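In: Compute the structure for the input listed below.
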Amino acid sequence: MGELKEDKIKDEEKKMEKMEDLIDQYELKQLKKNEIVEGKVIKIGQSDVIVDIGYKQEGFIPIEECVNYKGEVPFSEGSFIKAVVKKISSREIILSKKEADEILGWEKVEWSFKNNTRILAPVVKKVKRGYIVNAGVELFLPDSQVDIKPVTTPEEVIGKEYWFKVIRLDEKNKSGVVSRKTLLLEELKKKKDELFSSLKVGDEVEATVTKIKKAGALVELKTSLTAFVPKSEISWGYLPDIRKKLKIGKTYKFKVLEVDKSRERIILSYKAFQEDPWLTAPKKYKIGTKIKGRVIGFKQGYTLVELEEGVNARLRGEDVYWGKKIKSLDFVFEIEDRVIGKVLDIIPEKRLIYIGIKQLEPSPWEKFLSTYKEGDIVEVKVKKLADSGIIVNIMPDVDGFIRKGDLGWGYVEHPSEVVKEGEVIKALILSIEEDSGRILLGVKQLEGDKWAEFFSNHKEGDLISTKVKKILENFIVVELEGGLEGIIRKGEISTKKIENISDVLSVGEVKDAYIKVIDRENRKIILSYKKALREKMKKEMEQLRKVGAPDQKTTIGDLIKKEIMNKKND
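Out: Here you go, the predicted model:
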């Protein structure tokens with residue numbers, strides 16, 4: 001009885017085993033080779049990863065298919081992963097994660113390309129002219145498509161996960177080309193549009209200096225939008241080096257001056273947050289104020305002097321030294337030279353200040369007026385000879401003029417007859433014209449008025465001794481007593497008609513002359529040799545008559561012959 005019961009139990013167990021085998025066989029038949037299945041990671045071993053795929057037997061994935069580009073397994077026990085069924089047997093199921101990743105990755109890449117969407121994937125390594133991006137399948141990322149700005153160090157990119165846009169597919173090789181730059185530009189354009197729509201003139205913004213140029217600075221707003229700060233808007237004053245105010249990489253506050261969406265241009269100002277120094281300059285730099293400054297530049301005709309940041313003054317060449325205009329001021333000053341001067345003029349509406357250095361001291365004219373007066377005798381140096389007179393230097397930067405008529409009491413055709421350049425002479429100050437700054441001097445006045453003396457001692461009709469000084473075509477100039485001069489016209493030289501005066505007279509010859517005209521007002525004397533000769537003859541005739549010799553017959557002709565013989569004997 002017991003044996004029968006025991007056999008019965010054994011039969012039941014066999015039936016159950018057969019049933020389980022049938023169930024297993026049915027379930028195994030449900031798995032298809034090359035099918036993608038999802039399972040839960042049970043264990044990560046040294047050589048395999050064991051995955052529960054919902055069947056009696058677990059699936060095995062070689063560990064090398066689960067290691068990423070970093071050499072790490074990117075999931076943990078308990079994670080769900082997908083794999084392709086590669087082998088099915090009663091003892092084991094072999095899976096491939098790599099193959100599943102490639103199939104699913106390609107589907108994702110293909111769908112993204114067709115639907116113009118983006119994909120998220122890591123950059124795994126650097127290759128020639130670009131990088132490899134792993135999106136399940138390997139995609140090529142060109143160097144030019146990594147970022148908006150060139151990437152110089154691959155380490156900045158490798159190992160990082162980015163969003164990419166698929167820009168080209170290779171169906172045959174299951175590959176493609178991706179771009180991160182395209183997405184960044186699209187995002188930047190969106191931000192630009194938003195910023196241009198919201199930004200307005202007068203807004204305050206923060207921006208980081210990215211580049212410094214000669215004309216100004218390029219700055220980047222928080223939206224990665226580039227704006228420009230002109231050099232003139234960085235400082236109110238002279239700024240030879242922008243880097244003294246703005247440093248690359250530093251963030252500053254700026255004010256918006258211009259927004260031009262059509263040209264994608266934004267102009268900013270840094271100095272707008274500082275007070276305009278010209279608001280107080282007119283009160284600080286009144287005419288006559290003594291100032292200090294530094295030389296910051298040279299322009300045509302003047303030196304630029306900075307009085308304070310934003311307030312510059314002009315120092316002209318004629319305002320450096322008294323009596324001297326400097327054409328090339330860079331021969332006198334150097335950049336950064338310190339200057340002390342006086343404000344000569346200020347024009348606030350034009351932001352102009354004129355200063356002078358020489359005005360700190362009394363002018364040479366003021367020194368002259370305090371030293372000399374009309375009637376003073378001074379020693380002067382002949383600077384220049386002119387047809388009408390001479391220019392003389394009285395004291396440094398003060399000149400006077402002596403007319404040629406005041407060089408001597410006699411006739412002076414040209415000053416070179418009396419003086420020469422560089423000669424030091426004494427002169428009398430005749431007049432000082434303060435308004436025009438003109439000084440007239442005379443040399444002959446040192447000897448007194450010889451004309452007055454002559455006029456008191458002589459009258460028309462007198463005979464006086466003369467000396468031929470100059471022979472001209474129609475008259476001669478003769479020297480009188482005291483150095484005075486008179487004129488004898490050609491017709492008054494001889495009783496006979498003459499063609500050339502030099503045929504009958506020579507320079508230096510001394511003869512008596514008859515005073516025909518005395519012009520006191522113009523200080524002029526007209527004389528005659530012919531009249532003097534006749535007067536002499538007349539006197540001699542009178543003397544002969546007084547002697548009364550009856551047997552002696554003397555005519556005027558005899559007297560003239562006698563005069564001619566006397567002249568020849570002389």
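
In: alpha carbons only for contacts and neighbour counts from here, please
Out: Will do.

In: mind showing which ranges of the protein have poor pLDDT?
Out: 1-29, 548-570 (pLDDT under 70).

In: the domain parsing of it - what is it?
Out: 30-115, 116-185, 199-273, 277-360, 364-447, 460-547 (automatic domain parsing).

In: For Asp193, find the nearest of these.
Out: For these, the distance to Asp193 is smallest for domain 199-273, at 8.3 Å, taking C-alpha to C-alpha.

In: follow-up on the earlier one: mean neighbour count added to the domains of the chain, as JSON lines?
Out: Converted to JSON lines, those look like this (neighbours: other C-alpha atoms under 10 Å):
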{"stretch": "domain 30-115", "mean neighbour count": "17"}
{"stretch": "domain 116-185", "mean neighbour count": "17"}
{"stretch": "domain 199-273", "mean neighbour count": "17"}
{"stretch": "domain 277-360", "mean neighbour count": "17"}
{"stretch": "domain 364-447", "mean neighbour count": "16"}
{"stretch": "domain 460-547", "mean neighbour count": "16"}
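
In: Do a quick rundown of the helices in the stretch 201-350 of the chain.
Out: Under the criterion DSSP state H, counting those that start in this stretch, the stretch 201-350 of the chain contains helices at 281-284.

In: Over to the chain?
Out: Under the criterion DSSP state H, the chain contains helices at 2-30, 97-115, 181-198, 281-284, 364-371, 450-457, 529-547, 556-569.

In: rewinding a little: can you add distance to Lys191 and give the domains of the chain back as a markdown table?
Out: Below are these laid out as a markdown table (distance: least, C-alpha to C-alpha, whole Å):
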| stretch | distance to Lys191 |
| --- | --- |
| domain 30-115 | 23 |
| domain 116-185 | 10 |
| domain 199-273 | 6 |
| domain 277-360 | 37 |
| domain 364-447 | 70 |
| domain 460-547 | 97 |
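
In: Name the residues that touch stretch 491-498?
Out: Contacts with stretch 491-498, where a contact means C-alpha atoms under 8 Å, 6 or more residues apart in numbering, come from 504, 527-531.

In: please redo it, this time with the cut-off set to 7 Å
Out: For stretch 491-498, contacts defined as C-alpha atoms under 7 Å, 6 or more residues apart in numbering pick out 528-530.

In: what does stretch 74-88 give?
Out: Against stretch 74-88 from outside (C-alpha under 7 Å, 6+ apart): 33-44, 68, 93-97, 99-100.

In: Where strands are concerned, which of the residues you listed count?
Out: Using DSSP state E, the members of the contacts of stretch 74-88 that fall in strands are 36-44, 93-96.

In: ok, Glu35 to Ile88 distance?
Out: Distance, Glu35 to Ile88, by C-alpha to C-alpha, to the nearest Å: 11 Å.

In: my guess is Val133 contacts Phe140, does it?
Out: Yes. Using C-alpha atoms under 7 Å, Val133 is in contact with Phe140, at 6.2 Å.

In: In contact with Val320, which residues?
Out: Listed by C-alpha under 7 Å, 6+ apart, the contact partners of Val320 are 356-358.

In: mind redoing it with 6 Å?
Out: For Val320, the contacting residues are 357-358, by C-alpha atoms under 6 Å, 6 or more residues apart in numbering.

In: got it, and Tyr162?
Out: Tyr162 sits next to 120-121 when contact means C-alpha under 6 Å, 6+ apart.

In: where's it relative to Arg118, distance?
Out: Tyr162 sits 10 Å away from Arg118, going by C-alpha to C-alpha.

In: related to what we said a few turns ago, distance to Glu308 for the ones in strands among the contacts of stretch 74-88 - can I get that in a markdown table?
Out: As requested, the ones in strands among the contacts of stretch 74-88 are exported to a markdown table (distance: C-alpha to C-alpha, whole Å):
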| residue | distance to Glu308 |
| --- | --- |
| Ile36 | 79 |
| Val37 | 80 |
| Glu38 | 78 |
| Gly39 | 78 |
| Lys40 | 77 |
| Val41 | 76 |
| Ile42 | 79 |
| Lys43 | 78 |
| Ile44 | 75 |
| Ile93 | 87 |
| Ile94 | 84 |
| Leu95 | 81 |
| Ser96 | 78 |
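
In: How about Arg294: what's its closest non-neighbour residue?
Out: Nearest non-adjacent residue to Arg294, counting by C-alpha to C-alpha, 6 or more residues apart in numbering: Arg338, 4.5 Å away.

In: My error: substitute Glu58 in the last question.
Out: Leaving aside its chain neighbours, Glu58 sits nearest to Asp52 (4.9 Å; criterion: C-alpha to C-alpha, 6+ apart).
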